[in-house]
Structure formats: C-alpha cells, structure tokens
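A.B. asks: quick one, fold the following:
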Amino acid sequence: MKRLVFLSLSLILLLILIPGCFTFQTPAPNPISPSAAPPAPSASMPFAVTSVMANTEPSNSTHCFNLYANITANGPGTATYRWESADGGGYSYTWNAAFPTAGTQKITLPVEMSALPSGLYRVHILTPNDTVSNTTYYTTCAP
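C.D. replies: Numbers count the residues shown, from 1 in each chain. You can find the predicted model right below:
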C-alpha cells in the first residue's frame with residue numbers, strides 16, 4: 001500500500017515539476033470538401049500581395065511589345081514595387097499600386113522606361129510582403 005501511495009505521489013510530482021511533457025490535443029476539424037469555397041478574407045487578415053505575374057503583349061507599333069504585370073492582393077492597401085532586370089543589370093524607381101478592395105491590377109512599364117535593352121525582366125514587390133514575379137522576355141522597339 002505504501003508503495004502504491006509513493007508511486008501515485010511520484011507521478012503527481014512528475015506532472016507538476018515537468019510541465020509540457022504531456023499535451024492534450026483537440027480532435028482535428030473535419031476536412032473541407034473540394035467543392036467548398038475558400039474563406040473570405042477577414043478584417044483581421046493583414047494586407048498582402050498574393051501573386052504577381054509578368055508578361056508582354058503586342059503594342060500598337062510594329063515589332064513592339066508592352067511589358068506588364070498582374071498584381072493580386074487580398075484586400076485594401078498599397079503595394080510598393082519596382083521593375084528589375086532578371087540578370088541583375090538594374091532596376092526602376094519605386095512605384096505604388098493602390099488596391100481599394102481585394103483583386104487584381106494590371107501595371108505596365110512606365111513610358112520613360114520603354115527604351116530598356118532587350119532581356120529578361122520581372123516585378124519585385126517590396127511591400128507589404130517581399131515577393132518577385134516570374135521573368136519574361138522584353139524586346140526593345142526598333143526606331
């Protein structure tokens with residue numbers, strides 16, 4: 001009997017003196033079915049850029065292309081970005097894209113930068129979260 005009391009007290013002391021040894025978990029929630037829509041952003045979710053994709057499209061001039069990117073954000077806020085040469089050759093001034101609500105905005109290469117040398121370019125999102133787009137090949141227009 002003394003031995004049983006001693007073991008019980010030892011176990012209680014062990015549980016008191018070594019917190020964190022035992023964890024209790026709640027059961028995992030039921031998985032979401034594939035047809036369920038993702039939850040809408042809540043007011044407590046911080047503003048973030050969720051994707052950025054760079055590309056080119058033909059312009060009105062012969063053999064010329066416009067460099068653009070689609071920036072997607074999860075809510076209202078302002079994203080700060082710059083255009084960069086993917087080979088490390090340089091980058092543009094910093095620009096802003098204001099999002100009144102969640103969604104996608106198309107940004108284009110500023111006219112003053114349209115004489116960039118041909119090469120690979122990307123968009124670098126600086127704020128609210130640091131992320132970089134894919135690279136795309138831009139060809140300078142022939143005069």
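
A.B. asks: wouldn't Ser85 be in contact with Tyr91 here?
C.D. replies: Yes. Using Cβ atoms under 8 Å, Ser85 makes contact with Tyr91 at a distance of 6.8 Å. In this view, the C-beta of every residue, glycine as well, is placed from N, C-alpha and C.

A.B. asks: out of those two, which sits in the busier spot?
C.D. replies: Ser85 (17 against 13; other Cβ atoms under 10 Å).

A.B. asks: so who does the more buried one touch?
C.D. replies: Tyr91, Leu116, Gly119, Leu120, Tyr121 (Cβ atoms under 8 Å, 6 or more residues apart in numbering).

A.B. asks: please enumerate the helices of this structure.
C.D. replies: Counting by DSSP state H, the chain has helices at residues 2-17.

A.B. asks: so where's it uncertain?
C.D. replies: 1-43, 60-63, 141-143 (pLDDT under 70).

A.B. asks: buried subset of the contacts of Ser85 as a PyMOL selection?
C.D. replies: To isolate the buried ones among the contacts of Ser85 in PyMOL, judged by 16 or more other Cβ atoms under 10 Å, type:
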select buried, resi 116+121
